[in-house]
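Visitor: no sequence on this one, just coordinates:
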């Protein structure tokens with residue numbers, strides 16, 4: 001009886017492992033058929049003339065199921081040159097999505113000092129998010145699929161002081177009329 005239970009547990013663990021797909025969280029690399037992903041991520045200001053402001057040191061990127069606030073995995077960026085690309089692409093398990101299926105994802109980047117995208121959003125830190133994209137999921141007997149998403153630039157949130165200054169100027173202009 002014990003041997004049967006141990007064998008059954010082994011089958012269930014194996015099935016659960018094969019039931020979850022994987023993606024390779026990367027923003028530069030081959031996605032097959034001679035196609036390359038280039039999801040460059042920039043600091044606020046993005047590409048300015050010949051000056052490229054890649055996210056680089058001080059920023060973190062995370063792969064999220066679309067609409068989620070909890071990342072499936074996070075990584076950091078190269079420093080110049082190539083600061084707009086992820087330093088350590090990682091294989092990420094996608095829960096509840098079987099290998100060979102697709103899932104909707106988004107990539108979020110934020111100033112590392114805030115600890116998370118949500119904290120950067122709440123605290124007025126620089127952060128950005130890719131458009132939602134659908135990606136095939138590998139794993140099991142298939143290799144993890146490379147993520148293919150559109151790059152983006154982080155944006156700073158205007159501070160409360162800036163709104164106060166704008167409001168004060170509007171009041172002064174209104175009084176003059």
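Guide: That came through fine. Since the structure is predicted, the reported quantities are computational estimates derived from the model, not experimental observations.
Visitor: Tell me which residue is most central in this protein.
Guide: residue 107 (2.4 Å; C-alpha atoms, centre = their mean).
Visitor: This protein: helices as residue ranges?
Guide: With DSSP state H, the ranges of helices along the chain come out as 2-19, 117-123, 160-176.
Visitor: got the buried residues for stretch 79-87?
Guide: Buried residues in stretch 79-87, counting neighbours by 16 or more other C-beta atoms under 10 Å, are found at 83-86. C-betas here are computed from N, CA, C, even on glycine.
Visitor: Show me the two of the residues you listed that sit farthest apart.
Guide: Farthest pair in these (C-beta to C-beta) is 83 and 86. Separation: 10.5 Å.
Visitor: what residues are shared contacts of the two?
Guide: Shared contacts of residue 83 and residue 86, defined by C-beta atoms under 8 Å, 6 or more residues apart in numbering, comprise residue 77.
Visitor: before we move on, back to that, just list the residues touching the residue nearest to the centre of the chain, thanks.
Guide: Contacts of residue 107 by C-beta under 8 Å, 6+ apart are 27, 39, 41, 61-64, 129-130, 147, 149, 152.
Visitor: residues contacting the closest residue to it other than its chain neighbours?
Guide: Sequence neighbours aside, residue 130 is the residue nearest to residue 107 in space, at 4.3 Å (criterion: C-beta to C-beta, 6 or more residues apart in numbering). Residue 130 sits next to 39, 106-108, 149-152 when contact means C-beta under 8 Å, 6+ apart.
Visitor: can we see that at 6 Å?
Guide: 106-107, 149-150, 152 (C-beta atoms under 6 Å, 6 or more residues apart in numbering).
Visitor: Phi first, then psi, for the closest residue to residue 111 other than its chain neighbours.
Guide: Among residues not flanking residue 111 along the chain, residue 125 sits closest, at 4.4 Å (C-beta to C-beta, 6+ apart). Main-chain torsions, residue 125, degrees, to the nearest 10: phi -80, psi 160.
Visitor: Okay then, goodbye and thanks.
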